[in-house]
Structures are given as C-alpha cells and as structure tokens.
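> Predicted model, plus sequence, below.
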Amino acid sequence: MSTELPVLKANDFASDQDVRWCPGCGDYSILAQMKKMLPDLGLPLEQIVFVSGIGCSSRFPYYMNTYGMHSIHGRAPAVATGLRVARPDLKVFVITGDGDALSIGGNHFIHLLRRNVDVTLVLFNNRIYGLTKGQYSPTSPEGQITKSTPMGAVDHPLNPIRVALAAEATFIARSVDSQVQHLASTLYRAAMHRGTSVVEVYQNCNVFNDGAWDYAKEKAVRADNTLELENGKPLIFGKDRDKGIRLNGFKPEVVDLSSGISQDDLLFHDEKADPIYVQILAGMRYPDFPEPIGVFRDVENDVFEDQVRGQMATATEKKGVGDLNALFNSGDTWVVPETSAAR
Amino acid sequence: MSQDATQVKSAKQVEVVSGITVRLAGDSGDGMQLLGTQLTNTSALLGNDVATFPDFPAEIRAPRGTRAGVSGFQVQFASHEVHTPGDTLDALIAMNPAALITNYEDLTPGGLLIVDEDSFADKDLRLANLQTDPLEEPWIENYRLVKIPITKLTRTAVADLGLSVKESDRCRNFFAMGLVYWLYGRSMDATQRFIKAKFAKLPMVQEANERALQAGWAFGETTELLGQSYQVESATLPPGKYRNIMGNQALAWGLMAAAKLSSKELFYGSYPITPASDILHELCKYKNFGVCTFQAEDEIAAICGAIGAAFGGAMAVTTSSGPGIALKGEAMGLAVMIELPMVIIDVQRGGPSTGLPTKTEQADLLQVLFGRNGEAPLPVIAASSPGDCFDTAIEAWRLAAALMTPVVVLSDGYIANGAEPWAIPDINNIEPIVIEHPSEGSTGDTFLPYARDENLARPWAIPGTKGLMHRVGGLEKQDGTGNVSYDAQNHQRMVNIRAQKVANAARMIPQQEVMGPEKGELLVLSWGGTKGACLTAVSRAQKQGRSVAHCHLRHLNPFPSNLGEILGNYDQVLIPELNSGQLRMLIRARFLVDAQGYNKVQGKPFGVGELLEKIESLTSAGKAGSLSRAAG
C-alpha cells in the first residue's frame, strides 16, 4: 500500500445514531472500550463488519460507523461464517448475549468455534433476558427468581467458557464491563487472534438483574473474588495478593501465601496449556473460588475459510479455471443434424 | 447420428414401434436406479426422446425381498417428442415377487412381463408377504409372461472368475440390462464404457459385469422364449448437440452459469435433505469454477451463511426441501427486509412434516409465498422439466440481482431425479447479468443504502467500499437512510415499497403464452413439474377436436401481466396440481375466476390418461375452438 492510512480515533467509529440502551447499562462501557481499542488494529472503517443477533447487546452494530448487520436471534455466527468465507479480507466481529449465543443460537455458537472461523465474538453475559423484560437465561444461577421463574430457576446454568472449550475454541477470554482497561486490552488481544476468539464479558443489566456481578465488580471485593490471569505468572489474587491457587490432584484449592507456601507451589498460567487446565480454570466459580479474568487460552489451529478457499485454489491449480462449455459438453453427447429435423 | 456405435443387430424379427415404456423393478440393493440411468443414456444416445421416473423407497436398504424395499425406474423412449415417462408399461422387468406384485397393475394388458424365476422360491414369496405364487395366479394370463432363470444364468456366465455367490448375484442387473438392450435394439457401447470406468479399480468385477451384460444380450438372441425384438427410431428433436441431464444437475449447472454470467463467486450454503442433496454433491465437485460450498450445521445456518455471503457481495444460494424451507422462514424474512439478492431453491417432496421424502408433490407453493411472519413478498418461479431447471436457475439470479431480493425457485422430486435430453447451450450466447456495486461518490454526496432505482431496487454497497459504511438489519428501515424507524407512516410506506418492488418483476418476465386456441371451452392452467403430462393431455384432446388450450405458468409471483386477460377467454379453467388446490386458491382470489381443480397427492406424477379423461369430461367432443395456434 502506497497510501498511508489515516490515524483513526475512537470517535471516528461512532455512527450518527443515538445509543438507546437504558441509562447505566453495562453495554455503554463495552461500546466505549471497543471504539477505544479499534484504532489500534490499524484498519480502515470500511474493512470492519459487526454482525449481531437479537437482544439488547445486538443493537451494537447500529452504533458503529462500520459495516454491520443486525441479523436474527442466535444466527449471527452463521451470518459471520458466510461473510468471512466470501470475504476473507474483512475483519468481522460477532456481538451476542447469553440468550442469543447459548440458548437459541447454541448450535451456531459451537459450530463457529469448531470450525475456527476468523471472527471475534463478544458475549455480553448479564444472566438475564433484558430485551424481553426479565426472564431467566441459560446462565442464570439455579434458584434465581425472575419474571418467568417465580419459584426460582430449576435449570442448571451453562458455563460459557466450558462450552467454548468443548467446541475446541482457540481463544477464550473473560472480562468485566466496568474494568475498562482490562476490557479494552482483552478485546484487543481477541481481535489480534487468528481464528475464533471468544470474550465473555460480565455485563450488568441494571434494570432486570442489577448487581448480578457485584462480587466481580465492586471495588471493595473484586480483588478477592476475581483472579487476573497473566501468561507465565502464578495464579495469585486478593487485595493484598496473599492468596494463590494450587492443584490438589485434579482439583484447584485456594492457599494462603502467608502460611509458608511459596509461589513456586502454585499453578502457573499457560495460555497454550492442555484443555484440562482450562477446564480447571473455568470451573473456579464464586463464592468458592476467585473467578479468573483475562485470556484463558490462546492457541493456533487451521482457520475454516483458509481451508475452504485453499481447496478452491488447489482445485484451480490442478484443473485450471473451470470452463463451463467444456463441462456441458463432457460425457456422452450426440448431435441431431439439420436434415434429421427436416424429416 | 454422430456416434459410431457398433449397433447390435438381431437376427430375429424386428418390429419398429414409435415408443416404448419400460419399468425395471427390483430390490433397492439390486441396482435398478443404475440400470434405469444406463437405459436412459443409451436411448438418448440413439437419438430417442426420453423421459424418466425413478421411484425408490426412503430407506437406504429396506429389508431384502420385501415390498417396502422395491425400487423402480421407468423410462419412456420414443421416436417422437415425449414429455412424460408414460402412464402404462409396455414391459415390466421384475427381479423378485415383491417387485412383481407392487408393479404389475401398471403393465398394459398383453404387455411383456419378464421375471427372474430363480427368485420365486417359497422364501421369496414369504418375504413379499404372498401366500401363493403370483406366477400361478389367473391374472398373470393377462400378460405375456417370460420366465427367465436370471440368477442361474448370471452365475454360469461368471462361473470361472472365482467370485462368491453373493458377488456373482450382484451382476444380475447387468444380465437384465443386456436382455433389455437386445429386446429394444440398443447398443451396449455406452454401458460397456460405464462398466470400464466405474469398476476400473476392480478388474474382476468389471469382467463379471461385462460378461453378464453380454450373456443377457446373447440369451435374448438365442432363447425361444422371445420371438422378436423392437426398434425405436431416432426422434425428430430440433437440430443441435444434446446430452442427458437430470433436474438437480441442471439446477447446479444453471447456478454456476448464473455466477459466471454475473462475474460472481458462487456461495452455496446447504444442509443435506432429500431430494435436494444432489445439488450439493454436484456443486462441491466444481471448486475450480469459483464455487464455494458450505455444508452448514443446520438449515438455518445454511441460509444465514448465504445471507452473510450476499452482504459480502457474493452470489448466494441455499437449497432445501419443504421441511428445511420451513426452518429457513425467519431468515428468508430477514433477506426480504435487508433487501439482499439470493436464490432459495425448494425441491418439493411429499408432506406435511417428514412426509414422503423420496416422492414428489407440489404442496409448498403457499409455504414459499406466505410462510413467513409479516408481509414478506418475494418472487417465486417454478421449473417445468429437468432441462428447464438450468434456465430457471439463471432467471432466478437475474431477477434477484436486478431487484435486490431473495427469489424462490420451486422444483420437485419428480424433475429433480428425472432425466431428459438437453440441447447443450453455449455460455457465451447467454445474456450476461450486469451487476454494479456503488463506490464512494457514485451515488451523489450522501450515500443512502435504501435509495431506489427505477425498479425500486436499493444499491448493493459491499463492505470494503470506502465511505459507504452502513448497517442493515431486521428492524424496520427508515425509507432512504435505512436507519431503524418505528414511525407508523414509514412502516406503511416500506411495506408498500417492498410489495411493489416484487410486483415490478412482472416488467422483467415474458408475457404468458398459450398453447392452443385463443378462446374456447377450457383452459388447462398448470405449473411446475406437471407440464409434460398436462401438455400431452391437452395435445391429445386438441387432436380429438376439443376446444381446449394449455397455459403453463413459470412465474407464480408475480404472475405474468397478461394472465388475467387469458383466463377470461375461456368458459372454464382447470388447474391440475399435485396438491389440494394451492394455485387454484391463488387464481380464484386474485382473478375471481371460478377455476376447478384436478388434484392428486399420492407421491406420484400425473398420468396423461387421467388428465385427458378430466378434460374430456369438461369439453364437448369434436368441437374445435377458434383458430388453433400451434406453439409450445
């Protein structure tokens, strides 16, 4: 490229549409961090596409001054797959929620991941159906009282990280809407990953499920209830960074670093570790454990659209560019001469 | 003829006939479909016109020897033009009792009935749920029964090759093939070539099948059971180069041609479903033609993938059958709302629900027209024969691209699996499909993603285009800007615009043609895969001097602009359909015409005879209409 790209600012990514989430919604923060992070990718506006499903979070594309599609409930991963296969030159984001990705769109979510399509999927997890006004979602805890569960939810919730891992996701991360710097850097890491990257964002719905993530958000407690993952570093957490995670058999356990246990005894975070390790991390849930935030896994695997287009290229290399007339005339053919018709 | 086939000449008496309808019936593992395809190809290569009707069970291998497992393939080959596989059979080849008992009623009295007498042991009769041997029944006297020990003769023919009994018996179908080829004076060349290619890696099997084929022919020539053979001369098809083509293959090729004509890559999203899967099998072979096939996780992902590709600027296609179309409904609505072009193909089968997967029906017309929430109109066109599928696919994309709309193509199981001679087109002689994507500034100072051209189509601006960033989605659009709008008047306007845009397709489609008198007692109005049967029945009625015309609809939405006028020119309108009256409902509602139906939902195509009978019941004998116009 001989022409230099103009340097974009966060505001350049804002569309001319008024943002219509409820005041105080966690979505605002995710939108802001996305806009703040995007210039770092060094891509022009027209190379970026946001695809979403249905739900509060899925209004996201309307607010971005990029290309975008607000599709139908749960199907954004399928739309994004078709788009990437047809146009591998584009940077594609999928914006989805806990209901959109894990309930109605569960099938497309896992198939996007197993194919490892090169898109960045941001899953806004607020553990509730917001747009339909407050029914429980597939990530709502058991017993949660909602509009559709007056006696408490009886479904066992899904753990998005575990679902992603089961579907062989190559990049899995978690962040929190109010941890703005962590969120922006996590989104950036995800966007730079080649293959499907999944970022679960703890997002507060202040209207229908306010405080669902307080344990991970509130300044006073979050250091004790979350654990920031850093590649190659031991799993240490706590306001005073005096607690760690040690492995006991296949089970993690919280240990007190002031009681003579050294850092070397702890688990060390490895983004390329075996899936069994990610399983252990994903299983650490409040209140028994601090919940890890950051990048759980970042590995490489073949990318779907590379393979699909690779086969097209190989076929063309071997057989040459297809000739329709040659195809039509292949195999058994016969000619009806002019004279025959005149009979 | 261009082929220099070594015609197999019989020394016996040869009777020249104008056409033959033959059905090969056996177990679903007996290779009847393969035989039928071979007979079709061979007959077409001889210059006959051909039409076929494969009929097979949904089970891959139903229990051997049972009635449920019977697979049949019917072929009509003739020295005149044929449009149907024939109503009644001149000959039936039955490989076992189940095949005989489920098929003999279609055989013309006095027709030739060839059975493998080695397959009529007590065990075989039990499997077919028969108490007595049908070969001993009085009704068998109605037919010219020829009992041939096909199994034993085949085993003898391949005896010294060291094959197992089971392997030897697999060659029975080629023995039967050889016999049929002798019977109808067909050359064995094409089938010999096929055997060589198909079994190239299995020389023993290749040799065995070749021998079985030869043995079948030789048996016909020497046996005293068959006194004569038949000859069907070449048909007088329009001059040109021909090949055989099947409906699904023609759809696939038509899609590839449409992509080429519009200089687009073809993105094809699909989920396997009978009877549409062969389109996927065909297209995935042609990656070097810029064809990208995506076997999705489900029907919904298949169409949503196509929508994503269409947004990206590809020629996007999804195909399915009725149950899959039901699943795609919401996404079809999205495609209507965001006004992106794509082709959606419904190869109809018997319904409702899973219904009759391998049988034909025309009962999805109302589904594709109305099976979506809200007012979501889209153009619908229907293919009328296997070869016509090619042109239909191209026309669908031409309309979709011109109007920025999804277009539905209706096919059905009968034409999908049927075959006919196809005049090979030259891709360079087909009108290109011109598509222009706007660039920055090409549409004035402000880019409006929902601006309209003269046909009300919006611009197809694709991602990657500088300055034209915009968002589309399922929420109602503000006229022009495409921004989300809940305004009452705007919604009314947008609903009207979307409807008018689809109605504008009538400007692009040809006027409806009529075969027969311009005015008269009866108009037969048909659509889709029933064309051949309706056309043939009307032609015969016209030859009887009846006042009847035929009008075959290709465009179901919108209708051709002159259709109303045509309907008014006849005392009565008869609409034969393989459903309970779906087009009839539309015609009555739209034109207030008191049309009658002739309806059948038995998983089978119309016979010419039943339609002719209906036409005869509605018209007076021997009264010609006003000037006969030959056409069609």
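Arrived safely. Numbers count the residues shown, from 1 in each chain, chains lettered A, B, ... in the order given.
> Pull the number of nearby residues for residue 70.
All of this refers to chain A. Neighbourhood size, A:H70 [other Cβ atoms under 10 Å in any protein chain shown]: 24. Where C-beta positions appear, they are placed from N, C-alpha and C, glycine not excepted.
> actually it's chain B I care about, not the one you picked
Neighbour count for B:V70, taken as other Cβ under 10 Å: 27.
> was I right about it contacting B:L100?
No: using Cβ atoms under 8 Å, B:V70 is not in contact with B:L100, being 9.3 Å away.
> Name the residues contacting each of the two.
Listed as contacting both B:V70 and B:L100 by Cβ atoms under 8 Å, 6 or more residues apart in numbering or on different chains are B:A25.
> for the stretch 451-600 of chain B, what spans make up the strands?
Counting by DSSP state E, counting those that start in this stretch, the stretch 451-600 of chain B has these strands, from start to end: B:471-473, B:520-527, B:548-553, B:555-557, B:570-577, B:596-599.
> name the element the most centrally placed residue in chain B belongs to?
With distances taken as Cα atoms, centre = their mean, B:I415 lies nearest the centre of chain B, 1.1 Å away. Using DSSP states H and E, B:I415 sits in helix B:413-417.
> List the buried residues of that helix.
B:413-417 (16 or more other Cβ atoms under 10 Å in any protein chain shown).
> Let me know the pLDDT of residue 219.
Chain wasn't specified; assuming chain A. We have a pLDDT of 95 for A:K219.
> nope, chain B
B:F219 is assigned 95 on the pLDDT scale.
> So what's the residue count around residue 248?
Using chain A here. Look at A:N248: counted by other Cβ under 10 Å, it has 8 neighbours.
> You answered for a different chain; I wanted chain B.
B:N248 has 28 nearby residues by other Cβ under 10 Å.
> Also B:G474?
Using other Cβ under 10 Å, the number of residues around B:G474 comes to 22.
> wait, what's in contact with it?
A:54, A:70-72, B:333-334, B:337-338.
> So how do I select the buried members of those residues in PyMOL?
Buried residues among those (16+ other Cβ under 10 Å), as a PyMOL selection:
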select buried, (chain A and resi 54+70+71+72) or (chain B and resi 333+334+337+338)
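> Filter the contacts of B:G474 down to the ones in strands?
The strands, defined by DSSP state E, take in A:H70 from these.
> ok and the residue in the stretch 151-300 of chain B nearest chain A?
B:F289 (3.2 Å; Cβ to the nearest Cβ).
> Now do the contacts for that residue.
A:321-322, A:324, A:327, B:256, B:259-260, B:266.
> Drop anything exposed from those.
Those of the contacts of B:F289 that meet the buried threshold are A:322, A:324, A:327, B:256, B:259-260, B:266, by 16+ other Cβ under 10 Å.
> could I get the strands of the stretch 451-600 of chain B as TSV with mean neighbour count?
Formatted as TSV, those follow (neighbours: other Cβ atoms under 10 Å in any protein chain shown):
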stretch	mean neighbour count
strand B:471-473	25
strand B:520-527	25
strand B:548-553	24
strand B:555-557	21
strand B:570-577	22
strand B:596-599	18
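> which bits of the stretch 151-300 of chain B sit near chain A?
Contacts of the stretch 151-300 of chain B with chain A, taken as Cβ under 8 Å from any Cβ of the partner chain, map to B:190, B:234, B:236-244, B:253, B:256-257, B:260, B:265, B:267, B:269, B:286-292, B:294, B:296-298, B:300.
> at 6 Å what do you get?
In this structure, the stretch 151-300 of chain B approaches chain A at residues B:190, B:236-243, B:257, B:260, B:267, B:286-289, B:297, judged by Cβ under 6 Å from any Cβ of the partner chain.
> If any of the residues you listed are buried, give me the PyMOL selection for them.
To isolate the buried subset of these in PyMOL, counting by 16+ other Cβ under 10 Å, use the following:
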select buried, chain B and resi 190+236+237+240+241+242+243+257+260+267+286+287+288+289+297
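> Out of the residues of the stretch 151-300 of chain B next to chain A, name the ones that lie in strands.
Per DSSP E, the subset of those in strands is B:240-243, B:267.
> ok, so of those residues, who is nearest A:H182?
B:F267 (38.0 Å; Cβ to Cβ).
> Provide a list of residues in contact with B:P54.
Contact partners of B:P54, counting by Cβ atoms under 6 Å, 6 or more residues apart in numbering or on different chains, are B:33, B:36, B:73, B:417.
> For stretch B:187-206, list every residue counted as buried.
B:187-192, B:194-195, B:199, B:205-206.
> Can you give the contact residues for stretch B:532-540?
So stretch B:532-540 is contacted by B:83-84, B:524, B:526, B:548, B:550, B:576, B:606, B:608, B:611-612, B:615 (Cβ under 6 Å, 6+ apart).
> I misspoke; the intended subject was stretch B:575-595.
Here stretch B:575-595 has contacts from B:361-363, B:365-366, B:525-527, B:534, B:564, B:567, B:573, B:597-600, B:611, using Cβ under 6 Å, 6+ apart.
> domains for chain B, by residue range?
B:13-232, B:243-422, B:520-618 (automatic domain parsing).
> so where do the helices sit in chain A?
Applying DSSP state H to chain A gives helices spanning A:27-37, A:76-86, A:98-99, A:106-115, A:160-166, A:180-192, A:214-217, A:219-225, A:275-282, A:304-319, A:324-328, A:338-342.
> I'd like the mean pLDDT over the third one, please.
So the one you mean is helix A:98-99. On average, helix A:98-99 scores 98.
> how far does it sit from the chain's center?
Offset of helix A:98-99 from its chain centre (Cα atoms, centre = their mean, to the nearest Å): 12 Å.
> residue ranges with poor pLDDT in chain B?
Residue ranges of chain B with pLDDT under 70: B:1-8, B:623-632.
> Repeat the analysis, applying 50 as the threshold.
Within chain B, the ranges that satisfy pLDDT under 50 run B:1-7, B:624-632.
> Ramachandran angles for B:E137?
With angles defined as degrees, to the nearest 10, B:E137 sits at phi -70, psi 150.
> again but with B:I433, I slipped
Dihedral pair for B:I433: phi -110, psi 110, per degrees, to the nearest 10.
> Having no further points to raise, I will conclude here.
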